[in-house]
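> Provide a 3D model corresponding to the input given below.
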Amino acid sequence: MPEPTSSLPVDLELTAPGADRQGPLTPDHLLRLEELGEVALSPDGRWLAYVVKRPRATARFHKYDFLGGGDRGDVWLVDTSGGEPHNLTAGAGDGSGYWAPSWSPDSERLAMRSTKGGNVQLWGCDIRSRTVVRLCDRPLDVDWRGAPSLWVSRRALMVATLPEGERPLRMAVEVQAAESAMRAWPKAWKGQEATGSVLDSGSHPPFDERRQGELRLVDALSGDEATVMRGFFSELRMSPDGRHVAFLRQDDVIRPEAGRKLERMAAERHRLGVVRADGDIVTRGVEEIEDPDGTSLRWSPDSAEIALIGRDGSSPASWRRVLRYRCADGRVVAVTDAGLEPTSLVWTADGAILALAKPAGPTAQAGGGRADWWLVGADREARKLTADLVEVPVQLFPEDGRHAFVGLADGEVWRLCMEDGRWTNLTADGQPRIASLVWPSPTVSDAQSFPQLVLAVEEEEATVWYSLDLPSGAQRRLARPSTSSELLDFVPERDTAVLAAVDRTGARLWTSKPAFEEHMSVLETNTWLSEIAEGEVRRIDYRGLDGNDLKGWLVLPVDYEPGTRCPLVTEVYPGLVFARDTPPRRILSLPGHHAHSVQLLPARGYAVLLPSMPLKPYGEPSDPYFELTKGVLPAVDKVIELGIADPDRLGVMGQSYGGYTMAPTA
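Just a heads-up that it's a prediction; the model follows:
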């Protein structure tokens, strides 16, 4: 990478408040940042549990990146009506981390994950005594497919565990290669046995003969544990009546077959399973459902059925369909045919299903057809409900006991009345276009119904929040403690909200009670960031090589002088597309999420460009490598045309998928 003509001095000390000139950002500053983690309001609204991640510089081990900072976390507790926060876990003493707090239904206990003891296990805390104890002696099966534990009563949890002594992939992925090398090196040094790895297929023992994890029922009060079932479990879901738990259970691996394309990235085979909340087994695996999509799993309002997207097993190449499983007799019914390709679903009050789906078959493979909402019943007769809408809501939230649904499309809130199938625009009153839904979020979409929405509207370069009361249609502008604050949790029935702001002035956390009226400060940290210089951010509008209008973002060097050309580094990540006119502060600001903060190079005289890099949808015939440069090269040319970038000093960088992309885009 070419060096800039002049570089700023490296200052490893924090700039003192009140200094005449802001100092440059250094890697040392990033290592001193505290981070906010998950928050959880208790069901009764009285308590807030939240996670604060200690600075990276305090970590005793630096190879747990995929734990997301949980290995440096502590769980804190504060009364939402006021009072001093209390550190429940104090992990700094032994270097352990605690994160992902979840409340018991009676608000008396917390469950959490912890690295205490050298592995990820389930720990709990009694709120009255503030005592933290380990709840399960097996390690947790922590992956990307839902939480590994679920409260099933005021004192019991269902827990997905790994085999004894095994570490979750998130903990082992960064170190397993090095550990294998260290084990093999003494053998190689002696030269008496082979140390090469053998890769083959089809010679492994049957899956059920391998070491297995367990689904356990854990009593948080007595400490008793009981094994419900062996296997590997994910996507735990409680039924609305609290009597059953649905999940996905891995029952085999997908083995290569001659003449058949291996389409899925994860070589695992899962089945839908159901147990009662007391641990009795309803089914270990529904054989009639193949390749189930756990993220689509939804209980019916009466808790009698489960709907999800999967294959019915009628043929190896069968289309993915919406399938209904009835717990009482195990019956499976496909409610969509091969003409639709569903991606998500919701239940209606009368037991029908709304499915978001686009045409399947040759039309879909050729890129034609949009996704629409369809009403489907047990008779497979599907009725399109969004034919008259210009844009289609990508998600619907239940209202009025699931007799109506609301969603955001084309900058407006639309209501679907199930009685007559008609759509009504709830915000057609001249208000500016709605940029996004602040609440509810997709993670709470299984709730029975929502009484209100929180909407984000862009007004005069600022984001303003409004509440929309769904029964009355009344709108109200909401007070926020900061223009950069985000809503982390909201319990309308308790009139309590949790908000946070992370920007160049630091990180702050508030509880709001009454919600969006009174804000109580809970945490304020990293305030020294205001003394660090930040590169100016500019939007770059340009046209891609395929003729589409695109947006990119440019961070100028600190103290940039207009009219001068500077070295440019382009950070690439395929599939990242900037659609909004407002800058993505979470990526571009000083407290960025990655260690390679885009503000580090501007502190040394470089400009950093983040271009849009659209890719064709998955399944469309294309070679991704031919798509990579279409959004990058025109963006670089635009910055050169603006007189900012020096065409003789250009660089490219990327991480993860962006790392694979660097060679084709360089």
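
> relative to Thr343, how far out is Leu323?
For Leu323, the distance to Thr343 equals 14 Å [CB to CB, to the nearest Å]. Where C-beta positions appear, they are placed from N, C-alpha and C, glycine not excepted.

> more neighbours, those two?
Neighbour count, other CB atoms under 10 Å: between Leu323 and Thr343, Leu323 has more, with 25 against 15.

> what pLDDT does that one get?
pLDDT, Leu323: 95.

> before we move on, what about Asp252?
pLDDT, Asp252: 86.

> continuing past the helix or strand where it lies, what's the next helix or strand?
Element membership for Asp252 (DSSP states H and E) is strand 244-253. With elements assigned by DSSP H and E, the helix or strand that comes after strand 244-253 is strand 268-276.

> enumerate the positions of stretch 119-135 that are buried.
For stretch 119-135, a neighbour-count test (16 or more other CB atoms under 10 Å) marks Asn119, Val120, Gln121, Leu122, Trp123, Gly124, Cys125, Ile127, Val132, Leu135 as buried.

> do the same with stretch 533-549
Across stretch 533-549, burial judged by 16+ other CB under 10 Å covers Ala533, Glu534, Gly535, Val537, Arg538, Ile540, Tyr542, Gly544.

> ok now it, how far from the chain's centre?
Chain-centre distance of stretch 533-549: 26 Å, with CA atoms, centre = their mean, to the nearest Å.

> what of stretch 272-279?
Here stretch 272-279 shows a centroid-to-chain-centroid distance of 26 Å under the convention CA atoms, centre = their mean.

> wasn't Leu509 part of a helix?
No. Residue state for Leu509 (DSSP: H, G, I helix; E, B strand; the rest coil) corresponds to strand; a helix is not indicated.

> surely it touches Ala49?
No. Leu509 lies out of contact with Ala49 (CB atoms under 8 Å); the separation is 11.8 Å.

> I'd like the average pLDDT over whichever helix in the chain runs longest.
The helix that spans the most residues within the chain, counting by DSSP state H, is helix 176-190. Helix 176-190 shows a mean pLDDT of 90.

> rewinding a little: which helices and strands sit right next to the strand holding Asp252?
Strand 244-253 is packed against strand 232-238, strand 268-276, strand 290-299, with contacts defined by 3 or more CB pairs under 8 Å, 6 or more residues apart in numbering; DSSP states H and E.

> assign a three-state SS to the residue in the chain sticking out farthest from the centre, would you?
Centroid-distance maximum for the chain: Gln192 at 48.2 Å, with CA atoms, centre = their mean. With three-state DSSP as the basis, Gln192 sits in coil.

> hang on, the earlier thing: just the buried residues of stretch 533-549: which are in strands?
Residues of the buried residues of stretch 533-549 located in strands (DSSP state E): Val537, Arg538, Ile540, Tyr542.

> how much space between the first one and Val577?
Distance of Val537 to Val577, computed by CB to CB: 18 Å.

> same deal with the last one?
To Val577, Tyr542 is 13 Å away according to CB to CB.

> got any residues that touch both of the two?
The contact sets of Tyr542 and Val577 overlap at Leu550 (CB atoms under 8 Å, 6 or more residues apart in numbering).

> fine by me, we can end here.
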